[in-house]
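1. for reference, the sequence and a predicted model appear below.
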Amino acid sequence: MFYDLHLKQCQIDVLLITPTFLSVVEVKNYSGTLYFPNDFGQMIRTIGGRREGFANPILQAKRHRMHVQEWLTEHHFPNIPIENNVVIAHPSTIVDRADQMVKEHVFHAEKMPLKLQHMIKKYQDSPNYSRFLPQIEEVLLSDPSDTFPNVLQKFNIPSADLQRGVLCEACHHFSMQRIFANWQCIRCGHRSKNAHQSMILHYFLLFGTTMTNKQCRDFLKIDNTKLTIDLLNKMGLKREGIGRGRGQYYLSPSHETFDQLLRQGVTDKIWK
């Protein structure tokens, strides 16, 4: 899965790649009641007694599907089938009077696993493109159009407004302190060896692909330089720069490392 993918002058929320098909997924955070007129030219939302018109996300997903098809052709990949879907993030949002087309392509996030199983079954007898997947992944990761998003700028969030420290996964407060080679929450007493990892990963997601020792210390709210070096080295982060001390910095981990930690649930905990 590729998230927030910039491709051919469009931004795709999620691109799912499997051996038999691809799926373009647009994630929408609309609340209220959504209605899709039959002409698909517009989506109408009703909330608080007001009716508002929005661009139709189904059409947006179809456009992005077309861009992915063009991208595959330009890079001499096979014409892999591509699905296009719209996921509604809020479970309380109502999709009203939906016809068959809307029911097929617009659904709540909770239904995504079932939808995925349906698509896998749909293409179970289709050609298998497994041998092309590593090449597709490599080109996508190296594509200069896939720029690192500036999340703080996108949502107009000052850096000073971010909470700093080490988050306790038990009580969800930034109250972990380093005590005898462990992190311990001074609020609830929870202990963890790796509570710092989610904060370090989120630093890279928020601020970019490099981090100095001092930036890490400021973000984790610790003042021990040697401890910071030890924490970063144990995560296997690559170090670059010249000289020692201030001249060196650490690089963001690979997509594979992020994926492994996401599977372990490490980076989810900061948001709970």
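-> Right, received. Where do you want to start? Residues are numbered from 1 along each chain as shown.

2. in a strand, Q177, correct?
-> Yes - the assignment for Q177 by DSSP: H, G, I helix; E, B strand; the rest coil puts it in a strand.

3. mind checking the SS state of L114?
-> helix.

4. show me where the stretch 151-272 of the chain has its strands.
-> 176-179, 182-185, 191-192, 210-211, 239-241, 248-251 (DSSP state E, counting those that start in this stretch).

5. could these be laid out in TSV, adding distance to R50 and mean neighbour count?
-> Any C-beta I mention is one placed from the backbone N, CA and C, and that applies to glycine too. Below are the strands of the stretch 151-272 of the chain laid out as TSV (distance: least, CB to CB, whole Å; neighbours: other CB atoms under 10 Å):
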stretch	distance to R50	mean neighbour count
strand 176-179	44	16
strand 182-185	44	18
strand 191-192	46	16
strand 210-211	44	16
strand 239-241	53	12
strand 248-251	48	18
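
6. relative to Q124, which of those is closest?
-> Set against Q124 and scored by CB to CB, the strands of the stretch 151-272 of the chain come closest in strand 248-251, at 40.2 Å.

7. who does the closest one pair up with?
-> Sheet pairing of strand 248-251 (DSSP bridges) gives strand 210-211 (antiparallel), strand 239-241 (antiparallel).

8. the shortest one: how far from the chain's middle?
-> Strand 210-211 has its average C-alpha position 19 Å from the chain's average C-alpha position, going by CA atoms, centre = their mean, to the nearest Å.

9. what does the longest one give?
-> Computed by CA atoms, centre = their mean, the chain-centroid distance of strand 239-241 equals 26 Å.

10. outside of it, which residues touch it?
-> Residues outside strand 239-241 that contact it (CB atoms under 8 Å, 6 or more residues apart in numbering): 232, 247-251.

11. out of those residues, which is nearest to H6?
-> For those, the minimum distance to H6 (CB to CB) is 20.6 Å, reached by L251.

12. show me the contacts for that closest one.
-> Contact analysis of L251 by CB under 8 Å, 6+ apart lists 209-210, 237-240.

13. which one among these gets closest to P57?
-> T209 (30.6 Å).

14. for that closest one, which non-adjacent residue is spatially closest?
-> Counting by CB to CB, 6 or more residues apart in numbering, T209 lies nearest to S252, which is 4.3 Å off, once chain neighbours are set aside.

15. also Y123?
-> Closest residue to Y123 in three dimensions, ignoring its sequence neighbours and counting by CB to CB, 6+ apart: T20, at 4.0 Å.
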